[in-house]
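# curious how this folds, go ahead:
(chains A and B)
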Protein chains: 2
Amino acid sequence: MIPTITVFEWVPDFARGYVRDMRARWAFEETGQDYAVDVIDFDRVKSPAHRRFQPFGQVPSYRDDAVEIFESGAIALHIARAAPGLLPADPAGQARAEQWVIAALNSVEPYVMQLAVVDIFEADRAWSAERRPKVIEDIRGRLVDLSAALGDKDWLDNSFTVGDLTMVCVLRGLHDSRLLEEFPNLAAYVARGEARPAYARALAAHLADFAAEPVAA
Amino acid sequence: MIPTITVFEWVPDFARGYVRDMRARWAFEETGQDYAVDVIDFDRVKSPAHRRFQPFGQVPSYRDDAVEIFESGAIALHIARAAPGLLPADPAGQARAEQWVIAALNSVEPYVMQLAVVDIFEADRAWSAERRPKVIEDIRGRLVDLSAALGDKDWLDNSFTVGDLTMVCVLRGLHDSRLLEEFPNLAAYVARGEARPAYARALAAHLADFAAEPVAA
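A predicted model of the protein is given here:
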């Protein structure tokens, strides 16, 4: 079978462009691999049948003839290993690319996600307004360090890797906050990622697969 | 050079056993690889010289003759690939092990970490007491899913992998909360991990390397 990922049939406007199947789609496009999508709704994503592939009831999950996995970071790494384009040829470079994937997922995204928590998922909670400045302060701390690590380089290592792909996807979650504007090298880094033709193809396909309205069960 | 990780010279009692060099030490022990430690203090971990290896000014970072990386998850995977013991022989099993490493770091640990935020790092903030029940509710949601995925198996896949090593380290962060007691299969899973001889050796070495008191600069 052609490698297949699950994607949502519909999400609200604010989530379009940001659902994590973008990471898999972009990796497929950078490495020139064909893929198929299995479009699922909110009922099916939480069903026991889908949770067998994705225990947390989310998208994307990934299947090919040999492998069934979940976690967008693991999926992006799996796609990156299947064809050239997202990993250096040398083992040390591959280890550093994987390091940046995990840094994006464990040292940056948990902070970025807290902004979505206070602004969206817990916007109606009594504590969110009071807590928000601390969330911003924590994100800014991570951006200071990441900005220093990037310096004046185009990418986090010598060439664009699956680590940059993952980091750009995570940092894009800060667009509305305007925090990236405080770090011109990071803003330019995200813009460089978003300017890649493979990114544009992934985004177009991601958006095209959404229904206009949620489909009634 | 012998593979070398940075570790802290001193941490407060509540953090002993939980600093992330445990993940690297345990991986070394499971795979029977010798390693050395570079014991550093809080000043040096934040220094430009160390940030060149670890941009976020944390431990552990890892060096050998070929590779310099940071991120405990990437380090554990790198150690797991260097010798048998933590990864299945088949590529599909390896992909699933990597999936569980990333699930621990991106789908479970960000929730667990919020408990340390409200109980320790932001314990003095006005919102923490009010927010804490929601933090517990979110963690419980993840544990429901993880408990279902584990079922009655000993490990998340067919045998103990670097994915279990990482997940057990993440779940150990819940010991004080008693949340694991609500999920007997997860409590038993963590206990099985902690009962491994390699874990005991890693923990003993981790604890032995701490100074009794912070050393004056």
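# C-alpha only now, for contacts and for neighbours.
Noted.
# quickly list the domain ranges of chain A.
A:4-86+A:199-208, A:91-196 (automatic domain parsing).
# span of the last one from start to end?
Counting by Cα to Cα, to the nearest Å, you get 25 Å between the two ends of domain A:91-196.
# state the mean pLDDT of it.
For domain A:91-196, the mean per-residue pLDDT is 97.
# check stretch A:207-217 too.
Averaged across stretch A:207-217, pLDDT comes to 81.
# what lies in contact with it?
Identification of contacts with stretch A:207-217 by Cα atoms under 8 Å, 6 or more residues apart in numbering or on different chains yields A:8, A:9, A:10, A:11, A:16, A:17, A:39, A:43.
# could you pull out the helices for chain A?
Along chain A, the stretches classed as helices by DSSP state H are A:21-30, A:42-45, A:48-51, A:72-82, A:91-102, A:109-116, A:128-150, A:162-171, A:184-194, A:197-208.
# so for the last one, what gets flagged as buried?
When you say that, I think you mean helix A:197-208. Within helix A:197-208, the residues scored as buried using 16 or more other Cα atoms under 10 Å in any protein chain shown are A:198, A:199, A:202, A:203, A:206.
# the second one now?
Of the residues in helix A:42-45, those buried under the neighbour-count criterion (16+ other Cα under 10 Å) are A:42, A:45.
# so which bits of chain A are right by chain B?
Counting by Cα under 8 Å from any Cα of the partner chain, the residues of chain A close to chain B are A:52, A:55-56, A:66-71, A:73-75, A:78, A:92, A:95-96, A:98-99, A:102-103, A:105-106, A:110, A:127, A:130-131, A:142, A:145-146, A:148-149.
# I'd like to know how far residue A:44 sits from residue A:11.
Separation of residue A:44 from residue A:11 (Cα to Cα): 14 Å.
# and residue A:111, by the same measure?
The gap separating residue A:111 from residue A:11 is 23 Å, by Cα to Cα.
# try residue A:77
Residue A:77 sits 25 Å away from residue A:11, going by Cα to Cα.
# tell me which of those two has more neighbours.
Just comparing residue A:77 and residue A:11: by other Cα atoms under 10 Å in any protein chain shown the higher neighbour count belongs to residue A:77, 24 against 18.
# give me phi/psi at the residue lying closest to residue A:131 once chain neighbours are set aside?
Closest residue to residue A:131 apart from its sequence neighbours, by Cα to Cα, 6 or more residues apart in numbering or on different chains: residue B:127 at 6.7 Å. Backbone torsions of residue B:127, given as degrees, to the nearest 10, read phi -90, psi -10.
# which residues does residue B:127 contact?
Shown in contact with residue B:127 (Cα under 8 Å, 6+ apart): A:127, A:130, A:131.
# follow-up on the earlier one: wait, which of the domains of chain A is closest to residue B:170?
Residue B:170 sits nearest to domain A:91-196 of all the domains of chain A, at 11.9 Å, using Cα to Cα.
# check the offset of that closest one from the chain's centre.
Its chain's average C-alpha position is 11 Å from that of domain A:91-196, according to Cα atoms, centre = their mean, to the nearest Å.
# now stretch A:24-37
Centroid separation between stretch A:24-37 and its chain, computed with Cα atoms, centre = their mean, is 14 Å.
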